[in-house]
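Q: build the 3D model from these lines:
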Amino acid sequence: MNTYAVTLPHYSVGPDVFDHLEFVARFYGRKAAVVGGATALEKAGPSLRAGLEKAGMTVTDWFVYGENATNAAVDRILESPGCREADVIFGVGGGRAIDTVKTASDILKKPFFSVPTVASNCAPVSAIAVIYNEDGSLSHYHFTERCAEHCFINTAVILDSPRKLFWAGIGDALSKQCEALLSSRGQDLGHTPLLGVQVAQVCEGPLLRYGREALDDFEAGRLSDAFAQTVLDIIISTGIASNLLTTEKDYYYNSSIAHCFYNASMVLPTIHAHLHGEVVSFGVLVLQAVDGNDEALERLARFNRSVALPTTLYELDITEEAQVDALVERATTLREWHCVPYEMTKERFKEAILKVDALGRSLKTNA
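A: This next block holds a predicted model:
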């Protein structure tokens, strides 16, 4: 066998997480660079600065990473004297900000600490980053040697984020369980991916149980248990599963048809008005249709309806058959197209998309 390492995240969660900086980050060094999104730094900045000061750490640089996780944004961090001088680097913001800082930290071989200011995906703890081209299309995945050394989940800051990002985060997290199960089906799994599949199977249930209540609490500004459980599902449960299910070369059970649908949809200009998790949540339904799981398809479609996630193509601004055909054609070129235990065909994929759309329209009619 080959020698390999698996890194899993440490994390703190709650409204006062930066008090933990004194007991965590300082053991990696005393100099910190902080890079993130503009709004994220504005909202998390004061309490993060106070935590760094309490921990006896100095800030070598503090700046906005840009607007998207691109190679150019990564290069700006690599070229920053303050980041090169720092002992540790903090990434603050949403998934794209964190993926940018995560990638640069990995290249610089600096310990990375994540501070998610939204609960929209597992980027804060996963050991993979998604890098985009300047036009918004997918460029490549960057696999890091380690995940974040620690993730500071400030629930008070997340509660002050846009509701639509939390909503879309629920949609994205719904994909972890079904994609892990489908992509690994029939495989002779070794210890690490086998463990990952088991972790993935605790991702769907809490979302169905707490998701609607968590959204209500979010709107009311309540730091409730339902809200915290949903945040942890979106960021931690899916992230740990991701780290166990993915390697750069040996295996990839982290994704399948749901993200194939999302990545393929990027060829449609109109889709860029929609959030990642929003589109992925429709892809989850397509996965169930592809796999012939009618019971799961209807159950998840009804959940989507209950929280206003899409169940029809119209809700994603896909209104013409030519758009579906372009999406299907693009899907065949993607890695996720092959993350199924059977041969995929264009016909099967298109039929599944149209089946979901028909079900969604039926649910709306009968609501």
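Q: alpha carbons only for contacts and neighbour counts from here, please
A: Noted.
Q: return stretch 24-40 as CSV; C-alpha atoms alone will do.
A: Extracted in CSV, the C-alpha atoms of stretch 24-40 (Å, rounded to 0.1, in the frame of the first residue of the first chain):
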residue,chain,number,x,y,z
VAL,A,24,-5.7,27.5,19.1
ALA,A,25,-4.0,29.7,16.6
ARG,A,26,-1.2,31.1,18.8
PHE,A,27,0.4,27.7,19.0
TYR,A,28,1.1,28.0,15.2
GLY,A,29,2.9,31.3,15.5
ARG,A,30,2.3,34.9,16.5
LYS,A,31,1.9,36.6,13.1
ALA,A,32,-1.3,36.4,11.2
ALA,A,33,-2.5,37.6,7.8
VAL,A,34,-6.2,38.0,7.3
VAL,A,35,-7.7,37.8,3.8
GLY,A,36,-11.4,37.6,2.9
GLY,A,37,-14.4,39.1,1.2
ALA,A,38,-15.2,42.8,1.7
THR,A,39,-18.5,42.4,3.5
ALA,A,40,-17.1,39.4,5.5
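Q: please shift the residue numbers so they start at 843 in all later answers.
A: In the new numbering, first residue 843, that becomes stretch 866-882.
Q: quick check: buried residues in stretch 1159-1170?
A: Using 16 or more other Cα atoms under 10 Å as the test for burial, stretch 1159-1170 gives 1159-1160, 1165-1166, 1169-1170.
Q: how about stretch 1046-1066?
A: Neighbour-count burial for stretch 1046-1066, counted by 16+ other Cα under 10 Å, picks out 1046, 1048-1050, 1052-1057, 1059-1060, 1065.
Q: same deal with stretch 1183-1191?
A: Neighbour counts over stretch 1183-1191 (16+ other Cα under 10 Å) mark F1191 as buried.
Q: stretch 1028-1035 now?
A: P1035.
Q: what about it, how long is it end to end?
A: Chord length of stretch 1028-1035, first to last residue, is 13 Å (Cα to Cα, to the nearest Å).
Q: related to what we said a few turns ago, show me the buried residues of stretch 1046-1066 that map onto helices.
A: If you go by DSSP state H, the buried residues of stretch 1046-1066 have 1046, 1048-1050, 1052-1057, 1059-1060 in helices.
Q: what would those look like in JSON lines with pLDDT and distance to L1205?
A: What follows is these, written out as JSON lines (pLDDT from 0 to 100; distance: Cα to Cα, whole Å):
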{"residue": "E1046", "pLDDT": "98", "distance to L1205": "21"}
{"residue": "P1048", "pLDDT": "98", "distance to L1205": "23"}
{"residue": "L1049", "pLDDT": "98", "distance to L1205": "21"}
{"residue": "L1050", "pLDDT": "98", "distance to L1205": "18"}
{"residue": "Y1052", "pLDDT": "98", "distance to L1205": "22"}
{"residue": "G1053", "pLDDT": "98", "distance to L1205": "20"}
{"residue": "R1054", "pLDDT": "98", "distance to L1205": "18"}
{"residue": "E1055", "pLDDT": "98", "distance to L1205": "21"}
{"residue": "A1056", "pLDDT": "98", "distance to L1205": "23"}
{"residue": "L1057", "pLDDT": "98", "distance to L1205": "21"}
{"residue": "D1059", "pLDDT": "98", "distance to L1205": "26"}
{"residue": "F1060", "pLDDT": "98", "distance to L1205": "26"}
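Q: and those residues, which is closest to D1133?
A: For these, the residue nearest D1133 by Cα to Cα is E1046; the value is 17.3 Å.
Q: show the model's pLDDT score for the closest residue to that closest one other than its chain neighbours.
A: Once flanking residues are discounted, E1046 sits nearest to L1016: 5.6 Å by Cα to Cα, 6 or more residues apart in numbering. pLDDT recorded at L1016 is 98.
Q: also T1080?
A: pLDDT, T1080: 97.
Q: report the distance from stretch 1158-1172 to the chain centre.
A: 24 Å (Cα atoms, centre = their mean, to the nearest Å).
Q: can you list the residues that contact that stretch?
A: By Cα atoms under 8 Å, 6 or more residues apart in numbering, the residues outside stretch 1158-1172 that reach it are 1103, 1106-1107, 1109-1110, 1112-1113, 1116, 1121, 1152, 1155, 1188, 1191-1192.
Q: quick check: mean pLDDT of it?
A: On average, stretch 1158-1172 scores 98.
Q: give me the low-pLDDT residue ranges for this structure?
A: Per-residue confidence for the chain (pLDDT under 70) gives these ranges: 1209.
Q: okay, now the domains of it?
A: 852-1001, 1005-1207 (automatic domain parsing).
Q: could I get those as CSV with distance to M843?
A: Shown next, in CSV, are the domains of the chain (distance: least, Cα to Cα, whole Å):
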stretch, distance to M843
domain 852-1001, 19
domain 1005-1207, 11
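Q: before we move on, the earlier item: pretty sure the residue nearest to E1046 contacts L1127?
A: No - the criterion here is Cα atoms under 8 Å, and L1016 misses it with L1127 at 10.0 Å.
Q: looking at the two, which is more packed in?
A: The neighbour count for L1016 versus L1127, taken as other Cα atoms under 10 Å, is higher for L1127 (34 against 28).
Q: and the more buried one, what element?
A: Following DSSP states H and E, one finds L1127 within helix 1118-1132.
Q: who are the packing partners of that helix?
A: In terms of contacts (3 or more Cα pairs under 8 Å, 6 or more residues apart in numbering; DSSP states H and E), helix 1118-1132 is packed against helix 1005-1026, helix 1099-1107, helix 1136-1148, helix 1188-1207.
Q: now those helices as CSV including distance to I1082?
A: Shown next, in CSV, are the helices and strands packed on helix 1118-1132 (distance: least, Cα to Cα, whole Å):
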stretch, distance to I1082
helix 1005-1026, 11
helix 1099-1107, 18
helix 1136-1148, 23
helix 1188-1207, 29
